[in-house]
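Generate coordinates for the sequence data below:
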Amino acid sequence: MAQETFTFTSSTLRSLRLQREMLELDEHRRALARRYLPRRALPASRSSTLSHQPRYCRDPTVHNALYTGDLQHIQTLFKDQVTANLIVETVSEELLWSTELGLWALNPKKKHTSPLRIAATRGYIDCIKHLIIQGADINATVGGRAALHDTCMSHHTECTQFLLKCGANPNILSEDGSAPLHLCTSLETLECAQLLLEFGASVNLTTRDRRMTPLHVAAKHGLEKHVNLYLCNGANFSLRNREGETALNTACASADDPQKASKYYLVVKKLVDGGADVRMAGRKDHTPLHNACGNCHHQIVDLLLQHGAEVNAVNCAGYAPLDCILQVVEDYLEWQPERIVLALLNHGAVPVNPKVWKFCSLSPRTLEVLLNSFDRILSCEAWVEVVPPELWQEHRIVYDSALQMTNQPRQLQHLARCALRRYLGGQCHSVVPELKLPEPLKAYLLLQIEGYIR
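Numbers count the residues shown, from 1 in each chain. Here you go, the predicted structure:
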């Protein structure tokens, strides 16, 4: 069916009103015919057929009224169901590569929306009320989304509530398969999420392609209040997305900015306290602990370890959580990566191959912890060459003491420490603090950082 595009002017309005009168007259004629001639076949009228064709508007005057929320002008322009359901069309030029011409060329791209969506996106509640009174389709997905998607994404709570009271479908899917609840991705959308749930939104509804639940979305964006809301409304934290990740794994994987780490810690704590499985692996067999280590988030690492995370779990590449933190030490030098290495070793992590020591050579404190996890220091060739001279000078005591102890017998005290740690295994973190020993000796057994190797 060809698209009918016209300029939305005063003459067009008169034409539309005339067309509506003709439709009403035609319907009246058909009603009379059905009443007095019930057995006669009635051919569909031409005007009725035309009424089902979409109407497109490019009039800049109309666009300006809608985008600025000019209620008086909108009341003048949109006076019936036909005009209220017009499709607003804009054309923009996009620069695309033409293989035929061998150069970049401007190509027109049409974008469609509706008057109701425009008002909903901008929170023009009075305009929304007028359009709905005139018969705007509240659940129309023009341009791929419905008005309810827009109000939720733009966190216009009053508009969201009004649409829902008017019958908007809280589970309506956009063109990409997202429900309004999936678009509540900021702190400001909490009230919209509450309204959606009150009006029957499914808390476990997944997106069509990625199979993300609202809980996955909230975990990805570090929204602790949203997570709590969804859990209180029956969200299933064991559901997996298309990549096999639970909401817990998603939260741990998304906490890649140390400056925003605290909000993800709250999300992880809420999920773990609610019973989420800390050992459930997702994409590429990454457990939540793998992801937390890869993001150098020591608070989340400690929390996961406290709840029984498997410290020596191996992903599909053969890496344990300790390997993950060592590979990113250089990216998080200011965020105390040695704390994570200490925690993993004290929970029974198997010491890594000396070949990977080069990854932490720029963090002397991390290097010290690793070296002290062995009963002897083997060759230092893997890491010595990558230490910048200025860094070596700043931390000369650690680096020089490590070189001096290479292939040399360690102190008896250190050998006793290694033997006791091997015996305790993954219980070092819990057993050592309970031993009747002086506090400095307990700290020594737990690989406390001293600033030199002995």
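
all strands in the stretch 151-300 of the chain, in order from the N-terminus.
Ranges of strands in the stretch 151-300 of the chain, per DSSP state E, counting those that start in this stretch: none exist.

ok, then the element right after the helix-or-strand element of the chain with minimal mean pLDDT?
In the chain, the helix or strand scored least confidently by mean pLDDT, DSSP states H and E is helix 46-51, which has a mean of 37. Next along the chain after helix 46-51, taking DSSP states H and E as the criterion, comes strand 55-57.

Need the contact partners of the helix or strand that that following strand is followed by.
Downstream of strand 55-57, the next assigned helix or strand under DSSP H and E is helix 60-68. For helix 60-68, contacts defined as CB atoms under 8 Å, 6 or more residues apart in numbering pick out 8-9, 70, 73-74, 77, 88, 90, 115, 118-119, 122, 127. Just so you know, the C-beta spots here come from the backbone N, C-alpha and C atoms, and that holds for glycine as well.

Would you mind writing the ChimeraX command to select the buried ones in these?
Selection of buried members from the contacts of helix 60-68 for ChimeraX, criterion 16 or more other CB atoms under 10 Å:
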select :8,70,73,74,77,88,115,118,119,122,127
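
The contacts of helix 60-68 in helices, which ones?
H73, I74, L77, P115, I118, A119, R122, C127 (DSSP state H).

Which pLDDT value belongs to the residue lying closest to the fifth one once chain neighbours are set aside?
By the measure of CB to CB, 6 or more residues apart in numbering, the closest residue to I118 outside its immediate chain neighbours is L66, 4.5 Å from it. What the model reports for L66 is a pLDDT of 94.

which intervals of the stretch 201-350 of the chain have sub-threshold pLDDT?
Scanning the stretch 201-350 of the chain for pLDDT under 70 picks out nothing.

The same query, at a cut-off of 90, please.
256-261, 282-284 (pLDDT under 90).

which residues in it form helices?
Applying DSSP state H, counting those that start in this stretch to the stretch 201-350 of the chain gives helices spanning 214-220, 224-232, 247-254, 261-273, 288-294, 298-306, 321-327, 337-346.

can you list these in TSV and add mean neighbour count and distance to S174?
Output for the helices of the stretch 201-350 of the chain, formatted as TSV (neighbours: other CB atoms under 10 Å; distance: least, CB to CB, whole Å):
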stretch	mean neighbour count	distance to S174
helix 214-220	28	14
helix 224-232	21	19
helix 247-254	28	21
helix 261-273	21	25
helix 288-294	30	29
helix 298-306	22	32
helix 321-327	24	36
helix 337-346	25	40
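
how about a markdown table for those helices, with distance to L187 added?
As requested, those are exported to a markdown table (distance: least, CB to CB, whole Å):
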| stretch | distance to L187 |
| --- | --- |
| helix 214-220 | 11 |
| helix 224-232 | 7 |
| helix 247-254 | 15 |
| helix 261-273 | 9 |
| helix 288-294 | 23 |
| helix 298-306 | 20 |
| helix 321-327 | 30 |
| helix 337-346 | 28 |
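
if we can go back for a sec, need the contacts of helix 60-68 in a markdown table (columns: distance to L304 and pLDDT).
Converted to a markdown table, the contacts of helix 60-68 look like this (distance: CB to CB, whole Å; pLDDT from 0 to 100):
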| residue | distance to L304 | pLDDT |
| --- | --- | --- |
| F8 | 59 | 51 |
| T9 | 64 | 56 |
| D70 | 54 | 94 |
| H73 | 58 | 93 |
| I74 | 54 | 94 |
| L77 | 58 | 93 |
| V88 | 50 | 91 |
| T90 | 49 | 81 |
| P115 | 50 | 95 |
| I118 | 46 | 96 |
| A119 | 46 | 96 |
| R122 | 43 | 96 |
| C127 | 49 | 96 |
